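Enquirer: Sequence and computational prediction follow.
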There are 4 protein chains.
Amino acid sequence: MIIAMKPEASEEQIQEVCEQIKKYGYHPHLIRGEERVVIGAVGSGDNKDHLHNLIAVPGVENVVPILQPYKLVNRQLKQEKTTIRVGDLEIGGDRLVVMAGPCSVETREQLMETAIAVKAAGAHILRGGAYKPRTSPYDFQGLEEEGLKLLAEARDKTGLKVVTEVVTTEDTELVAKYADILQVGARNMQNFALLKRLGKINKPVLLKRGMSSTIKELLLSAEYIASHGNHQVMLCERGIRTFETATRNTLDISAVPLLQELSHLPVIVDPSHATGKRSLVSPLAKASIAAGADGLIIEVHPRPQEAWSDGPQSLTLPAFAELMQTIKPYVELESRRLN
Amino acid sequence: MIIAMKPEASEEQIQEVCEQIKKYGYHPHLIRGEERVVIGAVGSGDNKDHLHNLIAVPGVENVVPILQPYKLVNRQLKQEKTTIRVGDLEIGGDRLVVMAGPCSVETREQLMETAIAVKAAGAHILRGGAYKPRTSPYDFQGLEEEGLKLLAEARDKTGLKVVTEVVTTEDTELVAKYADILQVGARNMQNFALLKRLGKINKPVLLKRGMSSTIKELLLSAEYIASHGNHQVMLCERGIRTFETATRNTLDISAVPLLQELSHLPVIVDPSHATGKRSLVSPLAKASIAAGADGLIIEVHPRPQEAWSDGPQSLTLPAFAELMQTIKPYVELESRRLN
Amino acid sequence: MIIAMKPEASEEQIQEVCEQIKKYGYHPHLIRGEERVVIGAVGSGDNKDHLHNLIAVPGVENVVPILQPYKLVNRQLKQEKTTIRVGDLEIGGDRLVVMAGPCSVETREQLMETAIAVKAAGAHILRGGAYKPRTSPYDFQGLEEEGLKLLAEARDKTGLKVVTEVVTTEDTELVAKYADILQVGARNMQNFALLKRLGKINKPVLLKRGMSSTIKELLLSAEYIASHGNHQVMLCERGIRTFETATRNTLDISAVPLLQELSHLPVIVDPSHATGKRSLVSPLAKASIAAGADGLIIEVHPRPQEAWSDGPQSLTLPAFAELMQTIKPYVELESRRLN
Amino acid sequence: MIIAMKPEASEEQIQEVCEQIKKYGYHPHLIRGEERVVIGAVGSGDNKDHLHNLIAVPGVENVVPILQPYKLVNRQLKQEKTTIRVGDLEIGGDRLVVMAGPCSVETREQLMETAIAVKAAGAHILRGGAYKPRTSPYDFQGLEEEGLKLLAEARDKTGLKVVTEVVTTEDTELVAKYADILQVGARNMQNFALLKRLGKINKPVLLKRGMSSTIKELLLSAEYIASHGNHQVMLCERGIRTFETATRNTLDISAVPLLQELSHLPVIVDPSHATGKRSLVSPLAKASIAAGADGLIIEVHPRPQEAWSDGPQSLTLPAFAELMQTIKPYVELESRRLN
């Protein structure tokens, strides 16, 4: 931690800061510049919050952290990429993993029709929401356990793995019973009680980036899960909230290579939520692969115009099959394979 | 709902959209402009999501909603302001309500010292976190039930009411046992499972706006609580996330009069989290009152430089007493009173 | 400038960075922490850009600046507030200055009617655009020199001073011939050629904050004008662009006290552009005064529903007169006066 | 334009709005819904600003535009893609065009070394700033005309075309004398005086998106240039400003296919400014091509650690040569060619 003193700070104020730093268990280290004094706090100390509080001490202008606060998910400390096994499927390895399915599980017929079609097109994992976090209480909230059962049935029928969202600690074990991968939605990225609970589950987690969460916050949320015991975490870029209203969100494509630099965890991209617009899904899927993503998660619906949620961004079944053909050469250019 | 057709849309496409609208239980209403056709969908229909899906129909350019989706918290439908009673205290009435206390409950001594001082200075409600949603898993996470007990003890000693945060559905009843008002933090504003549970509790809720939530989303989250049975909701503006890094967040002061226009619920402002900077708390407290806030929530600590969280934005006890003096004439100018 | 090395940086890499620092004319100062080495670069050096480039040197993780880059407008270096004289009017002193008038100068009749009314209501300065920066080329672009002449005529008739926008270097002298204060609009805050030209004019400048400009960038734009010779600069907060769409912009009210802390220049608030909504202008005007603004700039039109631009946010003449009455006690609470 | 009345609007208020609409030269068209009346204003009218002002009429709740305000650059009105010829080079056709060079022209040696190397590596156009819009007045401001002469000299030597920024109307003809393409920087995207002047120049323009400009605003700025007579406009996505601080800006990759949908103009991507980080340039260049870009503009410097500006994001000469090899198969996958 670096503490910059004000130009007019007195010698007494500088000494006072040094004393505080010692009191908190760190060693102060002075740099006397031409305009001001800067103090480095070295050591592991009691609590870095104390150092942040130095901003309140007279004469202090600024307190700047130097170290990254995440450890377990940090690539500086573990160079080798993490791969996550889901049965015979490996995520984060040389296969580009595709998750596909409807936004919401609506009916057995809708789900089975979709599952069979996406499997035939080459998808590896079936997505579908049984618990739906909807902005309005008057919108469809999901089929809940009935939806989970339908997902399990679709898995049995097709051999696809299943990823589905968990929205509250109380349902964690129930969802884990049916799903292969548990998804944390963007709105729950900083639901720390939920993250802690997922840290104790022995199932992989797909952690979606919050709508206005920084990359650092995303990694710290992954660190919550890892530090509570579950290291099987995938990061998912799904678009952030900006001033632009022409798309539903803004896909932060830079996050893909940057997360690969900063962390050893697999990185998945969701071009459907990122754009909210069917026609943009295919170009952004290609771009995500070219930027280094380990996988894609894509909304597909047999009849988007009848979908109970997210119809405008869902691909039809033939459009998804076409997408799988379209991305194939891009996957190969990245020295990866689809199957 | 308004459906705008593309300029080149064919007559068949227009008829197809009209048929869909009828199928969903609405009546189509055509406007033939010089450049294109616009169709209004009138009626209450089955499900407005279906209308959104019309964006996927060939020839459709845009689908624009006209109605506000929140009903119970909408001032158009209930002009009279809601007041919330907490024992002998009324929130949303002619008293400007002040909530004050530390970010985290740390020790009995710290809490009692603060409670006695803020009571003496004129505060009405004691704030203090027992469950702390922290960005990093390595930061202090709160004293949990022990903290709740200390808050209850401070209430007994001072007569202050108590507001504290609940972070997960499972703790809702426990927190409700000790607290007078349950706070939903910014990171949980769209934790819909939690909102539904709070809808079944007979205690007032202080709902903080999410860091990147729109005013409409805030009102829909309040609608979640109200539609599940609990109408005692206060809205809290606590700063939104923007590109500006000179302050911790950006206080959206316009939200205060706008929320008063759009909703009948009381509006509280948190200038501490909004700015993250002690020196800005007092000017923003004055500004919030002048903009029409019903109350303030302010972080106070006996020794901010030793606080376990949020030290840089916490007022000292004398600074808080001074703030109460400073705001008094502004409260009176708004034809309100502090005690 | 602080240079943080990566944990795995070698001793050779550290020495290489120290050599570079010396080569650029600074002195390196090492802090050896438990996890990594941090190097302070002390001195005034040749060019701080060179230090930023150290990010490119192997082993370097981060380069963090410590000093504020603005000097002339920095309150640390000149504690006393700047006041700006416009004839017998002083801005930044104990008078709260009110600028009022239409968005665009449309006709002689419209301008004179407005000028006479705002003067009668107590305004000090007439605003009105003769050159209009409009998002669409098909919108009204302003009366240009004819508009300037009308503004001068309104000044002669009422005694009000005149503030109007200049949009290009080539018109600077022409606008300066007619106006008392030259306004730089939000879209031109980083039109550095224009700022340099205004640095050579002997007329006060009202510098509006760019829609997505940080406080630091605003102060650097003010520094452009000051460093080219013109120290008569007023800063104007007019709302920033955020994800919120319920208001035209988001008024950054924290910027008001923060700019007063960081700079000695007067701070003006524009609640009309900040909100885009007539009903919010009065509460935000009060809030701005309570937050410490030195003045207000407000859009007023005799018949807002016929305005050629910005009708929805313009006050009627009686509404402006009422606003002046409403703000009076708030001005007095701040130990200021309106006339 | 659609005007939504409040639920409680009276019949008189509705008639008043209809009368106003007629007065402005449009035809009112009523839709009576279950909760409220919605009125369409049909026709071309006098001035659409008047319709916006209806928001001020009692009983009106909202005024929603339906039509896109840009015409000349709109793909709905001209399906065929625009190609721009610069000598023997065609932009927007089947060649993926690469512009490369230093941020600033610093010295003859630096520029020639770079020009020769990027030419050898396969670039088509040399970039380099002679007029530099810098945030701080104390940063290097460019070599001005001397820089333009060096660019022209580099063109003569290498056969590369030259793109360089123009920052003020007064220099437009001078820059046009030396450059093949005139660049409008992000900070000048809404410098409308400059756009109008460029509309009268017979040279192609590279229009960079403003840091916080929407896609609609970008297209309207292009419309400014086109409507003043110059249809040779390229759009450039270079990252927008968001809350994320891990990258310099956030590359809005969705803008690439969306701009191709909305407009017939060529779309160029600048991955250097978008990220500010050398290691991200190559993955984002690949992603941009996969998303459908017509070209790239990339910062290259022989010795980035000595660059006078933008060192951290500049590629070395060998890194640029490697990039050209890396992108080749991606270009081919898009059925394009590099040379």
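Expert: Ah, there it is.

Enquirer: The worst-scoring helix or strand of chain A on mean pLDDT near chain B anywhere?
Expert: The least trusted helix or strand in chain A, going by mean pLDDT, DSSP states H and E, turns out to be helix A:48-53, with a mean of 77. Yes - if you take Cβ under 8 Å from any Cβ of the partner chain as the test, helix A:48-53 does meet chain B, through A:49, A:50, A:52, A:53. For every residue, glycine as well, the C-beta is placed using N, CA and C.

Enquirer: any idea how far residue A:141 is from residue A:104?
Expert: In this view, residue A:141 and residue A:104 are 9 Å apart by Cβ to Cβ, to the nearest Å.

Enquirer: picking up where we left off before, do the next helix-or-strand element following the least confident helix or strand of chain A and chain C meet?
Expert: Moving toward the C-terminus from helix A:48-53, the first helix or strand encountered (DSSP states H and E) is strand A:60-64. Yes - using Cβ under 8 Å from any Cβ, we find that strand A:60-64 touches chain C at A:62, A:64.

Enquirer: Strand A:60-64 pairs with which strands?
Expert: Strand A:60-64 has the following sheet partners, assigned by DSSP bridges: strand A:2-5 (antiparallel).

Enquirer: Which residues does the partner strand contact?
Expert: A:13-14, A:17, A:21, A:36-41, A:51, A:54, A:59-66, C:2, C:38, C:64, C:66 (Cβ atoms under 8 Å, 6 or more residues apart in numbering or on different chains).

Enquirer: ok, now stretch A:80-87?
Expert: Applying Cβ under 8 Å, 6+ apart, the external contacts of stretch A:80-87 come out as A:90-93, A:125, A:161, A:180-181, A:204, A:231-232, A:234, A:264-266.

Enquirer: Please name the spatially closest residue to the closest residue to chain D within the stretch 1-150 of chain A (chain neighbours excluded).
Expert: Residue nearest to chain D within the stretch 1-150 of chain A (Cβ to the nearest Cβ): residue A:68, separated by 10.8 Å. With sequence-adjacent residues excluded and distances taken as Cβ to Cβ, 6 or more residues apart in numbering or on different chains, residue A:68 is closest to residue A:74, at 6.1 Å.

Enquirer: wait, isn't that neighbour in contact with residue A:259?
Expert: No - in this structure residue A:74 lies outside contact range of residue A:259 using Cβ atoms under 8 Å: 11.5 Å.

Enquirer: Which residues of the stretch 201-339 of chain A lie near chain C?
Expert: Residues of the stretch 201-339 of chain A lying near chain C by Cβ under 8 Å from any Cβ: A:212, A:241, A:242, A:243, A:245.

Enquirer: Which pair of the residues you listed spans the longest distance?
Expert: By the measure Cβ to Cβ, these have their two most distant members at A:212 and A:245, which lie 15.3 Å apart.

Enquirer: which one of the two has more residues nearby?
Expert: Between residue A:212 and residue A:245, residue A:212 has the larger neighbour count (other Cβ atoms under 10 Å in any protein chain shown), namely 22 against 11.

Enquirer: Please settle this for me: is the more buried one part of a helix?
Expert: No - with DSSP: H, G, I helix; E, B strand; the rest coil as the criterion, residue A:212 is coil rather than part of a helix.

Enquirer: Am I right that it is in contact with residue B:212?
Expert: Yes - using Cβ under 8 Å, residue A:212 is in contact with residue B:212, at 3.1 Å.

Enquirer: Return every residue with contacts to both of these two.
Expert: A:241, B:241, C:243, D:243.

Enquirer: Are any of those buried, and if so which?
Expert: Among the shared contacts of residue A:212 and residue B:212, those classed as buried by 16 or more other Cβ atoms under 10 Å in any protein chain shown are A:241, B:241, C:243, D:243.

Enquirer: which SS class is residue A:132?
Expert: Here residue A:132 is recorded as coil under three-state DSSP.

Enquirer: who are the neighbours in contact with the residue nearest to it when sequence neighbours are not counted?
Expert: The spatial neighbour of residue A:132 that comes closest, neighbours along the chain excluded (Cβ to Cβ, 6+ apart), is residue A:142 at 3.9 Å. Shown in contact with residue A:142 (Cβ under 8 Å, 6+ apart): A:104, A:105, A:129, A:130, A:131, A:132.

Enquirer: Using TSV, lay out the residues you listed together with pLDDT and neighbour count.
Expert: Output for the contacts of residue A:142, formatted as TSV (pLDDT from 0 to 100; neighbours: other Cβ atoms under 10 Å in any protein chain shown):
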residue	pLDDT	neighbour count
A:104	95	26
A:105	97	29
A:129	97	29
A:130	97	25
A:131	96	25
A:132	93	22
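
Enquirer: Figure out the helix or strand that the residue of the stretch 1-150 of chain A closest to chain D lives in.
Expert: According to DSSP H and E, residue A:68 maps onto no helix or strand at all.

Enquirer: Please determine how far the residue nearest to residue A:132 is located from residue A:204.
Expert: Residue A:142 is 21 Å from residue A:204, by Cβ to Cβ.

Enquirer: same deal with residue A:222?
Expert: With Cβ to Cβ as the criterion, residue A:222 and residue A:204 are 12 Å apart.

Enquirer: the more surrounded of those two?
Expert: residue A:222 (26 against 23).

Enquirer: In contact with residue A:239, which residues?
Expert: By Cβ under 8 Å, 6+ apart, residue A:239 lies in contact with A:211, A:247, A:248, A:249, A:250, A:251, A:252, A:270, A:273, A:274, A:275.

Enquirer: Residue A:66 reaches residue C:39, doesn't it?
Expert: No - using Cβ under 8 Å, residue A:66 makes no contact with residue C:39, being 11.1 Å away.

Enquirer: Compare the two and say which is more crowded by neighbours.
Expert: residue C:39 (25 against 19).

Enquirer: Would you agree that one is in contact with residue C:17?
Expert: Yes - counting by Cβ under 8 Å, residue C:17 is a contact partner of residue C:39 at 6.0 Å.

Enquirer: so what sits against both of these two?
Expert: The contact sets of residue C:39 and residue C:17 overlap at C:3, C:5, C:28 (Cβ under 8 Å, 6+ apart).

Enquirer: And for residue A:72, the neighbour number?
Expert: For residue A:72, using other Cβ under 10 Å, the count is 19.

Enquirer: Excluding sequence neighbours, find me the nearest residue to it.
Expert: Computed as Cβ to Cβ, 6+ apart, the closest residue to residue A:72 that is not its neighbour in sequence is residue A:226, at 4.2 Å.

Enquirer: now swap in residue A:5 and tell me
Expert: Spatial nearest neighbour of residue A:5, excluding adjacent residues (Cβ to Cβ, 6+ apart): residue A:37 at 4.5 Å.

Enquirer: How about residue A:61?
Expert: Leaving out its chain neighbours, the residue that sits closest to residue A:61 by Cβ to Cβ, 6+ apart is residue A:6, at 4.5 Å.

Enquirer: Angles on the backbone of that neighbour, please.
Expert: For residue A:6, the backbone dihedrals (degrees, to the nearest 10) come out as phi -70, psi 150.

Enquirer: my guess is it meets residue A:38, correct?
Expert: No - judged on Cβ under 8 Å, residue A:6 makes no contact with residue A:38 at a distance of 11.1 Å.

Enquirer: Between these two, which is the more surrounded one?
Expert: Under the neighbour definition other Cβ under 10 Å, residue A:6 and residue A:38 were set side by side, and residue A:38 has more, 26 against 16.

Enquirer: can you map out the helices along the stretch 101-250 of chain A?
Expert: For the stretch 101-250 of chain A, the helices defined by DSSP state H, counting those that start in this stretch cover A:108-121, A:145-158, A:172-178, A:192-198, A:215-227.

Enquirer: For residue B:174, find the nearest of those.
Expert: Across those, closest to residue B:174 is helix A:192-198 (Cβ to Cβ), at 12.8 Å.

Enquirer: Mind listing residues that contact that closest one?
Expert: So helix A:192-198 is contacted by A:166-169, A:172, A:182, A:184, A:188, A:205, A:221, A:224-225, A:228, A:230, B:133-134, B:137, B:141, B:167-168, B:170-171, B:187 (Cβ under 8 Å, 6+ apart).
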